[in-house]
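Trainee: Just need the structure, nothing else, for what follows:
(one chain, ligands or ions: 1)
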Amino acid sequence: MKINILSGALGAEILNFSLNTITHDNFKILNDLLLEHKVIFFRDQNIAPEELMYLGSLFGTVEEHAYVKGLENFPQITRIVKAANEKNQWGEGWHSDVSYDLKPCKTIILRSIKIPPVGGDTVFSNMELAWETLDEGIKNIIHDKKALHESNGSKFFVENYSQMESNGLVGEKYSNEHPIVRTHPETGNKILFVNPTYTKKILGIPENDSNKLLEKIFRHQERLDLSCRFKWTDNAIAILDNRCTQHYAIADFYPGRGLGHERIMDRIAIVGDQPF
Ligand code: SIN
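Mentor: Here you go, the predicted model:
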């Protein structure tokens, strides 16, 4: 195994490693890599849907997406498709997945099936570093506060993606409140746990102040020195710790540069803890 560190902030590509060899007995190797690097990447992995499900089950219970219909035989696998003529990309914009859930998923596994010749990279960002480097004045205001996270309803997840379908179960928005600074249940590290896609309000302060503060925090979280970028190839796998990272799938599909090509990924998510 060789480890290629992707940036000063987070992320590592693990070389000469076959995910098919991971079982309950040697799972610690994989989990330790994930806890250290927060997002880990593997190329040329020949992984069938049932093997993807098995890999996910080593982390915990694999859940179905709240709004998007999964594959016929594997309802927990969400197939993310950008059709060839589409410009939009599912997952565009900074977010941690389903932060509006009571127990937002702890781990996400993405498997690339078909990748355009150019465009559609994903950027990941380290929210422990975001907390460490945040302005002290802002830290003092928010350290003991909660924020409201709201889902954007089922349309948000399907209306711009012709190949993706709502599961028809939940059409409405729903929300949960979480500490703004959460503690990683495995490492004890502090994490800045708000994101511009789902966090709507800091509780316990006037709305105007909340808006201004969130705007400053979101700008801080976007800092490029907190991030790493992964260029996908077919049959790559990303495993990310959704508790302490955010990610952003880039929709840079322009004529002659990615537009006219499909981008297809499979995604599974593992049930997490209630943030504390
Ligand atoms: C997501 O936000 O989970 C999608 C990421 C990607 O397709 O790169």
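
Trainee: do stretch 91-99 and the ligand meet at all?
Mentor: Yes: Stretch 91-99 is in contact with the ligand by C-beta under 6 Å from any ligand atom, via 91, 97. No exception for glycine: its C-beta is placed from N, CA and C like everyone else's.

Trainee: Show the end-to-end separation of that stretch, please.
Mentor: Using C-alpha to C-alpha, to the nearest Å, the end-to-end distance of stretch 91-99 comes to 13 Å.

Trainee: Now that stretch: average pLDDT?
Mentor: In this model, stretch 91-99 has a mean pLDDT of 97.

Trainee: What lies in contact with it?
Mentor: When contacts are defined by C-beta atoms under 8 Å, 6 or more residues apart in numbering, stretch 91-99 is touched by residues 65-66, 80, 104-105, 108, 122, 125, 127, 149, 151, 178, 193, 195-199, 218, 221-222, 242-243, 245-251, 269.

Trainee: same question, stretch 17-35
Mentor: 1, 3, 12, 14, 40, 42, 45-47, 51, 55, 58-59, 107, 186-187, 237, 239-241.

Trainee: Just the endpoints, please. Distance across stretch 267-276?
Mentor: This stretch, stretch 267-276, spans 26 Å end to end (C-alpha to C-alpha).

Trainee: mind checking how far whichever residue of the stretch 51-200 of the chain sits closest to the ligand is from Gly120?
Mentor: Per C-beta to the nearest ligand atom, Gly91 is where the stretch 51-200 of the chain lies closest to the ligand, at 2.3 Å. Distance of Gly91 to Gly120, computed by C-beta to C-beta, to the nearest Å: 10 Å.

Trainee: which neighbours do those two share?
Mentor: Residues touching both Gly91 and Gly120 (C-beta under 8 Å, 6+ apart) are Ala249.

Trainee: picking that back up, cross-check the contacts of stretch 91-99 against the ligand and keep the overlap.
Mentor: Checking these against the ligand by C-beta under 6 Å from any ligand atom, the ones in range are 80, 122, 247, 249.

Trainee: next SSE after the worst-scoring helix or strand of the chain on mean pLDDT?
Mentor: Of all helical and strand segments in the chain, the minimum by mean pLDDT, DSSP states H and E falls on helix 153-158, at a mean of 84. Once the chain leaves helix 153-158, the next helix or strand it forms, by DSSP states H and E, is strand 175-179.

Trainee: and that next one, which residues are buried?
Mentor: Residues 176, 178-179 are the ones in strand 175-179 that count as buried (16 or more other C-beta atoms under 10 Å).

Trainee: do stretch 8-22 as well
Mentor: In terms of neighbour count (16+ other C-beta under 10 Å), stretch 8-22 has its buried residues at 9-14, 17, 19, 22.

Trainee: cool, and stretch 148-157?
Mentor: Of the residues in stretch 148-157, 148-151, 154, 157 count as buried by neighbour count, 16+ other C-beta under 10 Å.

Trainee: export these to TSV and tack on distance to Pro275?
Mentor: Listed next are the buried residues of stretch 148-157 as TSV, based on distance: C-beta to C-beta, whole Å:
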residue	distance to Pro275
Leu148	13
His149	10
Glu150	15
Ser151	16
Ser154	24
Phe157	22
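
Trainee: Show me which of the residues you listed is closest to Asn73.
Mentor: Minimum distance to Asn73 across those is 21.0 Å, recorded for Phe157 (C-beta to C-beta).
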